[in-house]
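Chemist: Coordinates only, no sequence provided:
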């Protein structure tokens, strides 16, 4: 086991021999690390924090810290982190709250860039990119394969759908449509399908075409949400929408805050 002499590791912490703990790191008693994790330097791991294998955490990141919630009273809530994440400098991930389910989760294969904040009870999926300064208030859900751009704040209880791309500086106060492009440059509106991102993820031309047709019904401004859903469900009934179009319709129908159109 490689633990620098200046690191402070509380009794009870679980650190496999394959891990590397750099200078001036602080690890609490209820922290459990997976195999082959690396803490570069000055990393703080606190609370009941569990981390999978192969994660790399850079300097001055603080994970598992108490939530920024005035109702929090020291309950043993958690942070759970999957495998193979890169967590860059000054990232903060707050542990959950009793009222929000008690767990903040980060999946696997994510790139969390510098100065990102992931608030209490947020749920982040797999293979997402959260660039510098992205800020997730409490109770935010980010589904798989999402890219948020720099300095994009997300309001509490919002949901960002899978494969969505959010432009830099875009303020999110409603749910972001899966597969969509949403940007402040379009007055914080969705304006189509994330074609490049979908192609990079192996979507076929037919799948992209079907999603584009469905997305036009939602974002063209000619229909309200109920009317757009009727058009999309007609597509599905006629066999013109695959699994991704069905998920888009389900996401919109289930939205509690409304979707950005």
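Modeler: Received, thanks. This one's a predicted model, so the numbers in the text were calculated from it and none came from an experiment.
Chemist: Tell me how many other residues surround residue 17.
Modeler: Using other Cβ atoms under 10 Å, the number of residues around residue 17 comes to 8. Glycine gets a C-beta too; all of them are placed from N, C-alpha and C.
Chemist: Model confidence score at the closest residue to it other than its chain neighbours, please.
Modeler: Spatial nearest neighbour of residue 17, chain neighbours left out: residue 1 (4.5 Å); criterion: Cβ to Cβ, 6 or more residues apart in numbering. Note on residue 1: pLDDT of 70.
Chemist: ok, now residue 156?
Modeler: With respect to pLDDT, residue 156 has a value of 97.
Chemist: Confirm for me that it is in contact with residue 135.
Modeler: No. With contact taken as Cβ atoms under 8 Å, residue 156 and residue 135 are classed as non-touching, separated by 11.2 Å.
Chemist: Need the residues that contact the helix ranked longest in the chain.
Modeler: Among the segments of the chain that qualify as a helix by DSSP state H, the longest is helix 205-219. Here helix 205-219 makes contact (Cβ atoms under 8 Å, 6 or more residues apart in numbering) with 177, 179-180, 189-193, 195, 198-199, 203, 223, 225, 227-228, 231-232, 235, 240-242, 244-245, 248-249, 252, 259, 261.
Chemist: go with 6 Å
Modeler: Counting contacts by Cβ atoms under 6 Å, 6 or more residues apart in numbering, the residues outside helix 205-219 that touch it are 179, 190, 193, 195, 198, 223, 228, 231-232, 241-242, 244-245, 248, 261.
Chemist: Okay, buried residues for it please.
Modeler: Buried residues in helix 205-219, defined by neighbour count with 16 or more other Cβ atoms under 10 Å: 207-208, 210-211, 213-215, 217-219.
Chemist: So for stretch 16-27, first residue to last residue, what's the gap.
Modeler: Using Cα to Cα, to the nearest Å, the gap from the first to the last residue of stretch 16-27 comes to 13 Å.
Chemist: Could you pull out the buried residues of that stretch?
Modeler: Result for stretch 16-27 [16+ other Cβ under 10 Å]: buried residues 19-22, 24-27.
Chemist: Provide a list of residues in contact with the nearest residue to residue 170 once chain neighbours are set aside.
Modeler: In space, not counting the residues next to it along the chain, residue 170 is nearest to residue 184; the distance is 4.3 Å by Cβ to Cβ, 6+ apart. Applying Cβ under 6 Å, 6+ apart, we find residue 184 in contact with 167, 169-170.
Chemist: Next one: residue 184, what pLDDT does it get?
Modeler: Confidence per residue is given as pLDDT, and for residue 184 that number is 82.
Chemist: now it: how far from residue 205?
Modeler: Separation of residue 184 from residue 205 (Cβ to Cβ, to the nearest Å) stands at 29 Å.
Chemist: gap between residue 143 and residue 116?
Modeler: With the distance defined as Cβ to Cβ, residue 143 ends up 17 Å from residue 116.
Chemist: what do you get for residue 37?
Modeler: Distance check for residue 37 against residue 116: by Cβ to Cβ, it reads 19 Å.
Chemist: Quick one: the helices in the stretch 51-200 of the chain, in order.
Modeler: Counting by DSSP state H, counting those that start in this stretch, one finds helices in the stretch 51-200 of the chain at the ranges 195-200.
Chemist: now this structure, which segments are flagged as low pLDDT?
Modeler: Of all residues in the chain, those with pLDDT under 70 make up the ranges 186.
Chemist: So for it, the centremost residue is which one?
Modeler: Nearest to the mean C-alpha position of the chain, counting by Cα atoms, centre = their mean, stands residue 124 at 3.2 Å.
Chemist: Can you verify my assumption that that one contacts residue 103?
Modeler: No. Counting by Cβ atoms under 6 Å, residue 124 sits too far from residue 103 to count as a contact (11.7 Å).
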